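Chemist: I'd like to go over a predicted model; first the sequence, then the structure.
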Amino acid sequence: MYEISKRIFDLCISLVALTLLIPLFIAIALIIKLDSQGPVLFRQKRIGKGGKIFEIYKFRTMHIYTPDISTEKLSNLKAYVTRSGKWLRKTSLDELPQLMNILCGEMSFVGPRPALYNQHELIRMREEMGVNALVPGLTGFAQVKGRDFISDFEKVAFDAYYARNRDFQFDLKVLFWTVRCVLKAEGVRVDF
């Protein structure tokens, strides 16, 4: 019953949010286009439920020549992030296009953040802990517990805890904690 109600919640809220946020999407798209060359949306291969690869959507915050690796592995993040990207990343507005992934069922509002296709060690640890069996989320328990400032081991531990204890009430708590973290810009690397 939980999985069905979660999917209905995801479907309804993502549809309403996408409709209401059209003006914001247009404004952000214009800002990105005026700020740097390249597409407005950034697509990247991520690991979904059961290890299936899908393309995640984000507003582009980095220059088009940026290597396709996780940001913590970039030696000089400042050289890659665009001017508008700094603001989009700090406010987490770059994540809004993932509402399309949620609408399509590739993601949920709450679940483990999808790993990059080339984060092999993280994928392996998640597989061992049963985390890859879940639909990935726009936000998750690991996100509200440290996001960019915790190790992959800690992320997997938080995600495994979520996997064992998930229910609709826990999801609502994570969503509430996410709003608080976004408003305070907690857990986000802003050293660019």
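Modeler: Thanks, I have the structure now.

Chemist: so how far is residue 83 from the residue nearest the centre of the chain?
Modeler: In the chain, the residue lying closest to the centroid (C-alpha atoms, centre = their mean) is residue 138, at 4.4 Å. Relative to residue 83, residue 138 is positioned 25 Å away (C-beta to C-beta, to the nearest Å). Just so you know, the C-beta spots here come from the backbone N, C-alpha and C atoms, and that holds for glycine as well.

Chemist: now swap in residue 94 and tell me
Modeler: 13 Å.

Chemist: Residue most distant from the centroid, the chain?
Modeler: Residue of the chain lying farthest from the centroid, by C-alpha atoms, centre = their mean: residue 1 (25.3 Å).

Chemist: next helix or strand past the one helix or strand residue 12 maps to?
Modeler: If you go by DSSP states H and E, residue 12 is part of helix 2-20. Next along the chain after helix 2-20, taking DSSP H and E as the criterion, comes helix 22-35.

Chemist: immediately after that following helix, which helix or strand?
Modeler: Following helix 22-35 toward the C-terminus (DSSP H and E): strand 41-47.

Chemist: Kindly export that next one (C-alpha atoms) in PDB.
Modeler: What follows is strand 41-47 as a C-alpha-only set of coordinates in PDB (Å, rounded to 0.1, in the frame of the first residue of the first chain):
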ATOM      1  CA  LEU A  41      19.200  21.500 -19.200                       C
ATOM      2  CA  PHE A  42      22.000  19.200 -18.100                       C
ATOM      3  CA  ARG A  43      21.500  15.400 -18.600                       C
ATOM      4  CA  GLN A  44      23.500  12.800 -16.900                       C
ATOM      5  CA  LYS A  45      23.500   9.100 -16.600                       C
ATOM      6  CA  ARG A  46      22.500   7.900 -13.100                       C
ATOM      7  CA  ILE A  47      21.700   4.600 -11.400                       C
END
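
Chemist: which residues touch the residue nearest to the centre of the chain?
Modeler: 95, 98, 99, 101, 102, 107, 108, 109, 110 (C-beta atoms under 8 Å, 6 or more residues apart in numbering).

Chemist: swap in residue 63?
Modeler: 36, 38, 80, 81, 82.

Chemist: Could you list the low-pLDDT ranges of the chain?
Modeler: 186-192 (pLDDT under 70).

Chemist: Break down it into its helices, ranges please.
Modeler: 2-20, 22-35, 83-91, 98-103, 120-128, 141-144, 152-165, 168-184 (DSSP state H).

Chemist: returning to that earlier point: between residue 94 and residue 83, which is the more surrounded one?
Modeler: When residue 94 is set against residue 83 and neighbours are counted by other C-beta atoms under 10 Å, the residue ahead is residue 94, at 21 against 12.

Chemist: what's the distance between the more buried one and residue 101?
Modeler: Distance from residue 94 to residue 101, by C-beta to C-beta: 13 Å.

Chemist: Overlap in contacts, those two.
Modeler: When contacts are counted by C-beta under 8 Å, 6+ apart, the set common to residue 94 and residue 101 is empty.
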